[in-house]
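Participant: Need coordinates for the below:
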Amino acid sequence: MERREAIKKLQELVGQELHELASEYGVTIYRNDKVNKGWAGHVFERHLGLPLNSAQCPNFGSWELKSIPLKFKKSGELAFKETMAITMIDSVNVCQKEFEDSHLLAKLKKAVIVARTVGSHVDQPSYIHSVTGIELSEELYEAVKADYNFVRNTLLDPKKGFNALTGKMGFYIQPRTKGQGHGSTSRAFYARPRFLACFINLSVSPQAG
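Facilitator: Residues are numbered from 1 along each chain as shown. Presented below is the predicted three-dimensional model:
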């Protein structure tokens, strides 16, 4: 299934409640009394006709599925709950590759983002807000390129290097520690909320569909 077809198919789910879809598709939210962290992604995969228990991070070829949570603030406004992981930072690869040939750009071009509202607990209703593919405008392309080159130049600087990468860097794309269990020796590129806001309209009701 090509990226455009996948986006169109997933857009059928906008406005629907994810727990109801999980029940419909036979996806278990709990496994051995623990939350099945991949349950939302499994629902989307089943909707696309993929079998359960496929690879944890399926390779769809021309595209890659990204599921991001949205939360309601006390004011009632929607906001991004967290940043979006894009790809690990391999210092050797980043140093060797210009932005045009980078893993970062390749991953962004493949991304299909399913945004959904979440509550404070997994059992609370979760509505599918939107489905979109990342298409970089010329201006945004140049801005992301600048973020990448900031990281690349830091790695190439013998006085700085890999350990100098921090989450404070980058306007749209930041380099920071990947997960709690990986310690400080691992970094990844993350999309900041302001980048995601270029593609996802938070003023739209998730139940409008």
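Participant: Let's verify I86: helix, strand, or coil?
Facilitator: strand (DSSP: H, G, I helix; E, B strand; the rest coil).
Participant: tell me the contacts of it?
Facilitator: Neighbouring residues of I86 by CB atoms under 8 Å, 6 or more residues apart in numbering: L104, K107, L108, A111, I173, A188, F189, Y190, A191. For glycine as for every other residue, the C-beta is placed from the backbone atoms N, C-alpha and C.
Participant: from what I can see the fifth one touches A188, true?
Facilitator: It refers to I173. No: I173 is beyond contact range of A188, at 10.4 Å (criterion: CB atoms under 8 Å).
Participant: Comparing those two, which shows the higher neighbour count?
Facilitator: The neighbour count for I173 versus A188, taken as other CB atoms under 10 Å, is higher for I173 (24 against 19).
Participant: neighbours around N32, how many?
Facilitator: 6.
Participant: Tell me where the model's unsure across the protein.
Facilitator: Where the chain drops to pLDDT under 70, the residues are 51-60, 179-184, 205-209.
Participant: Can you check which strand is longest in it?
Facilitator: strand 64-72 (DSSP state E).
Participant: tell me which residues of the helix or strand encompassing R4 are tucked away?
Facilitator: Taking DSSP states H and E as the definition, R4 sits inside helix 3-10. Buried residues in helix 3-10, counted by 16 or more other CB atoms under 10 Å: R3, A6, I7, L10.
Participant: Show me what the next helix or strand after that helix is in contact with.
Facilitator: Per DSSP H and E, the first helix or strand lying C-terminal to helix 3-10 is helix 18-25. Surrounding helix 18-25, the residues in contact under the criterion CB under 8 Å, 6+ apart are 13, 27-29, 39-40, 42-43, 46-47, 116, 123, 125-128.
Participant: what about 7 Å?
Facilitator: Residues from elsewhere that reach helix 18-25 (CB atoms under 7 Å, 6 or more residues apart in numbering): L13, I29, W39, A40, V43, R46, H47, R116, P125, S126, I128.
Participant: hang on, isn't the fourth one packed against S67?
Facilitator: This means A40. Yes: counting by CB atoms under 7 Å, S67 is a contact partner of A40 at 5.2 Å.
Participant: anything in contact with each of these two?
Facilitator: With CB under 7 Å, 6+ apart as the test, A40 and S67 both reach R116.
Participant: Settle it for me: which of those two has more neighbours?
Facilitator: Between A40 and S67, A40 has the larger neighbour count (other CB under 10 Å), namely 23 against 17.
Participant: so how far is A22 from that one?
Facilitator: 8 Å (CB to CB, to the nearest Å).
Participant: Please apply the same query to I29.
Facilitator: Note on I29: its distance to A22, by CB to CB, is 6 Å.
Participant: Comparing these two, which shows the higher neighbour count?
Facilitator: Between I29 and A22, counting by other CB under 10 Å, A22 is the more crowded of the two (19 against 16).
Participant: Show me what the host helix or strand of R46 is packed against.
Facilitator: Secondary structure assigned from DSSP H and E places R46 in helix 39-47. In terms of contacts (3 or more CB pairs under 7 Å, 6 or more residues apart in numbering; DSSP states H and E), helix 39-47 is packed against helix 3-10, helix 18-25, strand 64-72.
Participant: Please repeat the previous calculation with a cut-off of 6 Å.
Facilitator: helix 18-25 (3 or more CB pairs under 6 Å, 6 or more residues apart in numbering; DSSP states H and E).
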